[in-house]
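have a look at this fold, sequence not included:
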């Protein structure tokens, strides 16, 4: 059995950001010494919910200060990245880490609409942008010249350099929540990143749980341990000024968990 660690470091104030970032690096190094197999980095902006914000740049620092632990993204929010630059950055990270990179991708969450606004976007077309980017990046990692003509990107790329160390390409995971997303990933044979669902049964209002609403024969297989299983500490309200709904959280040993 292998154990991994999902980081979601909350920094309560800008004055503490630098110390929290350094603490995260030291915690990853400590996790490696303890024998953890992988660490998963999150990508959030503007509120301190993920203090290093830029998970790609932070992963480079982690790669330089570790030797064995695998470094994953849970997840890279694809609408915020140009696929050519992202493909190059991830390939470089794979070289710097000597093939220790796992790539989880997602479309971003509608509850963090402020992140889209801060990047000059809105979440309405985030799924389309993600699907186009995934297709484009896969072609870039396959090698050779790539001409891509999509709805959001029209690009001619002579060749991707450097090439990823891991062949035929970096491990790619999709973040899924809805039954439709599970069906799509099952049809395409794409590995998934997700948290365990509630136990089978009904809610107090009589509606089925999400596990009951999933397609028959499909179950969630989380890549990392789920923080929803451990809850401790005090609650706090999300500081995000543009959330579509206010969300209360309970602090746990693995980060903030919604309640």
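Alright, I've got the coordinates. The structure presented is a predicted model; accordingly, all values stated were derived computationally and were not measured.

could you pull out the strands for this structure?
4-6, 38-41, 70-77, 101-106, 146-149, 154-157, 172-175, 192-193, 235-237, 248-252, 255-258 (DSSP state E).

need the helix or strand of this protein with the lowest average pLDDT.
Counting by mean pLDDT, DSSP states H and E, the chain has its least confident helix or strand at strand 248-252, which shows a mean of 38.

if we can go back for a sec, I'd like the strands of the chain written out as JSON lines, with distance to residue 32 and mean neighbour count added.
Using the backbone N, CA and C atoms, a C-beta is placed for each residue, glycine as well. JSON lines is the format used below for these (distance: least, CB to CB, whole Å; neighbours: other CB atoms under 10 Å):
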{"stretch": "strand 4-6", "distance to residue 32": "10", "mean neighbour count": "20"}
{"stretch": "strand 38-41", "distance to residue 32": "8", "mean neighbour count": "24"}
{"stretch": "strand 70-77", "distance to residue 32": "10", "mean neighbour count": "24"}
{"stretch": "strand 101-106", "distance to residue 32": "15", "mean neighbour count": "24"}
{"stretch": "strand 146-149", "distance to residue 32": "36", "mean neighbour count": "13"}
{"stretch": "strand 154-157", "distance to residue 32": "35", "mean neighbour count": "12"}
{"stretch": "strand 172-175", "distance to residue 32": "21", "mean neighbour count": "21"}
{"stretch": "strand 192-193", "distance to residue 32": "21", "mean neighbour count": "22"}
{"stretch": "strand 235-237", "distance to residue 32": "30", "mean neighbour count": "11"}
{"stretch": "strand 248-252", "distance to residue 32": "22", "mean neighbour count": "16"}
{"stretch": "strand 255-258", "distance to residue 32": "19", "mean neighbour count": "17"}
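
could you report the separation of the closest residue to residue 169 other than its chain neighbours from residue 94?
The shortest distance from residue 169 to any non-neighbouring residue, by CB to CB, 6 or more residues apart in numbering, is to residue 141 (3.9 Å). Look at residue 141 and residue 94: by CB to CB, to the nearest Å, they are 10 Å apart.

which one of the two has more residues nearby?
residue 94 (25 against 22; other CB atoms under 10 Å).

hang on, isn't that one packed against residue 171?
No - in this structure residue 94 lies outside contact range of residue 171 using CB atoms under 8 Å: 10.0 Å.
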